[in-house]
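Novice: Can you look at this prediction? I've put the sequence above it.
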Amino acid sequence: MTPFTMPISARAASLKPSGIRRFFDLLENRPDAISLGIGEPDFLTPWPIRDAGVFSLERGYTKYTPNAGLSALRRECSAYMQRRFGLGYDPADEILVTVGGSEALDLCVRAALNPGDEVIVPEPCFVAYTPVVTLAGAVPVPLRTLAGHRFRVTPQALRAAITPKTRMLVLPYPCNPTGGILERADLEALAEVLRDTQILILSDEIYAELTYSKRHVSIASLPGMRERTVIVGGLSKSHSMTGWRMGFAYGPASIIGPMTKIHQFAIMSAPTTSQYAAIAALRDGDGEVERMREEYDARRRFMLKGLRDAGLPCFEPEGAFYLFPSVQNTGLDSEAFCEKLLLAEDLAVIPGTAFGGSGAGFVRLCYAASLEDLKEALVRIERFLGTL
């Protein structure tokens with residue numbers, strides 16, 4: 001009898017394990033550890049949103065919804081985008097409700113790309129971009145961004161990365177892990193490069209509500225850009241709803257249609273209870289978003305000063321809830337710094353290399369944690385640096 005060999009696709013086998021997950025595995029038997037690794041708000045989902053979810057269950061709203069999402073939710077999505085960012089999307093065919101923003105990213109890539117197509121991926125970046133491009137049979141093309149440029153994609157670098165095979169640009173701003181943003185002038189310069197191409201923009205705007213010194217601007221708001229842009233949004237970060245898995249895709253019907261078709265076969269529909277909660281979040285949650293943003297801003301400024309005072313140079317993040325300090329002056333590379341810090345001080349941060357090769361020499365800290373934990377984290381970092 002021939003032994004059975006499990007078939008594994010070459011694409012799946014080629015994926016590297018998440019550089020973030022490895023540090024969570026190391027935390028398992030360290031009960032006193034403080035983790036600044038996971039990108040998750042420490043706030044509870046605001047009560048009115050939870051109440052809407054509970055009420056939907058009490059009313060027995062437990063059936064499938066339409067594939068694209070509840071029509072009432074898509075109408076709220078449309079009103080929200082118009083109110084918050086001045087963008088108009090038709091609820092009927094330009095909005096898709098997904099299982100978190102990550103599904104929206106995957107759907108856009110699979111709907112738009114053919115094997116061999118190239119996708120420009122600015123780095124350092126969210127860990128999922130390169131894997132979903134690879135699994136679609138397309139080719140990720142890293143585009144390095146620099147602290148000296150405030151981790152922004154420059155038009156010169158973008159132009160140099162474009163080839164005849166380029167079909168998509170991922171635009172990950174506000175950025176995880178750096179906290180960088182793009183202002184309107186930056187976006188206009190990039191738009192000038194893109195207007196005469198056939199490149200689709202996948203604009204990941206999951207942190208759009210979390211900017212501090214300047215209001216978020218979407219590239220879709222610029223002339224000629226809406227028709228070539230898919231915006232990915234969601235409620236995980238802005239409304240502290242990570243476990244509800246509520247994401248949205250906004251774009252022209254010509255791409256939202258194929259994305260919905262894939263979603264229909266792979267997922268059917270996003271969780272019904274979460275959709276009813278999302279209606280309340282989008283309709284009535286602006287005040288809670290502002291309250292949480294103000295708290296994050298205070299933590300951001302506190303941690304930035306603390307890291308700099310401890311001797312770690314750090315770019316000032318203008319969005320999201322991460323700091324991305326350089327550790328090059330410690331003599332340790334990113335992974336060694338994080339491992340030694342965890343073992344010596346029970347403090348978990350993530351090596352910059354988890355976010356692409358361009359993250360070498362940096363580490364990511366999430367300040368969506370309690371002020372008490374952040375204060376203790378700074379004490380442990382200073383003590384650790386003193387031993388080097």
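Specialist: In hand now; what should we look at?
Novice: Name the residues of the longest helix along the chain that are buried.
Specialist: Ranked by residue count under DSSP state H, the longest helix found in the chain is helix 286-310. Residues of helix 286-310 classed as buried by neighbour count (16 or more other CB atoms under 10 Å): 286, 288-289, 292, 295-297, 299-300, 303-304, 306-307, 310. For every residue, glycine as well, the C-beta is placed using N, CA and C.
Novice: and the residues you listed as TSV, adding pLDDT and distance to T229?
Specialist: Converted to TSV, those look like this (pLDDT from 0 to 100; distance: CB to CB, whole Å):
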residue	pLDDT	distance to T229
D286	95	24
E288	96	28
V289	97	23
M292	97	27
E295	97	31
Y296	97	27
D297	97	28
R299	97	31
R300	97	28
M303	98	33
L304	98	31
G306	97	38
L307	98	35
A310	96	40
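Novice: for the longest helix of the chain, packing partners?
Specialist: Helices and strands touching helix 286-310, by 3 or more CB pairs under 8 Å, 6 or more residues apart in numbering; DSSP states H and E, are strand 322-323, helix 371-386.
Novice: among those, which is the most enclosed?
Specialist: Highest mean neighbour count among the helices and strands packed on helix 286-310 (mean count of other CB atoms under 10 Å): strand 322-323, with a mean of 26.
Novice: gap between that one and the chain center?
Specialist: 13 Å (CA atoms, centre = their mean, to the nearest Å).
Novice: Pairing partners for that strand, with directions?
Specialist: If you go by DSSP bridges, strand 322-323 pairs up with strand 363-366 (antiparallel).
Novice: Neighbours of the closest residue to V363 other than its chain neighbours, how many?
Specialist: Nearest non-adjacent residue to V363, counting by CB to CB, 6 or more residues apart in numbering: V349, 4.8 Å away. V349 has 24 neighbours, counted by other CB atoms under 10 Å.
Novice: about what we covered before: same list, the buried residues of helix 286-310, but as a markdown table with distance to T260 please.
Specialist: Output for these, formatted as a markdown table (distance: CB to CB, whole Å):
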| residue | distance to T260 |
| --- | --- |
| D286 | 28 |
| E288 | 30 |
| V289 | 27 |
| M292 | 31 |
| E295 | 36 |
| Y296 | 33 |
| D297 | 37 |
| R299 | 38 |
| R300 | 37 |
| M303 | 41 |
| L304 | 42 |
| G306 | 46 |
| L307 | 44 |
| A310 | 49 |
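Novice: which among the residues you listed gets closest to C108?
Specialist: V289 (24.8 Å; CB to CB).
Novice: which residues touch the closest one?
Specialist: V289 sits next to E209, S238, H239 when contact means CB atoms under 8 Å, 6 or more residues apart in numbering.
Novice: Would you agree the first one falls within a helix?
Specialist: No. Counting by DSSP: H, G, I helix; E, B strand; the rest coil, E209 is not part of a helix but coil.
Novice: neighbours around it, how many?
Specialist: For E209, the neighbour count with other CB under 10 Å is 22.
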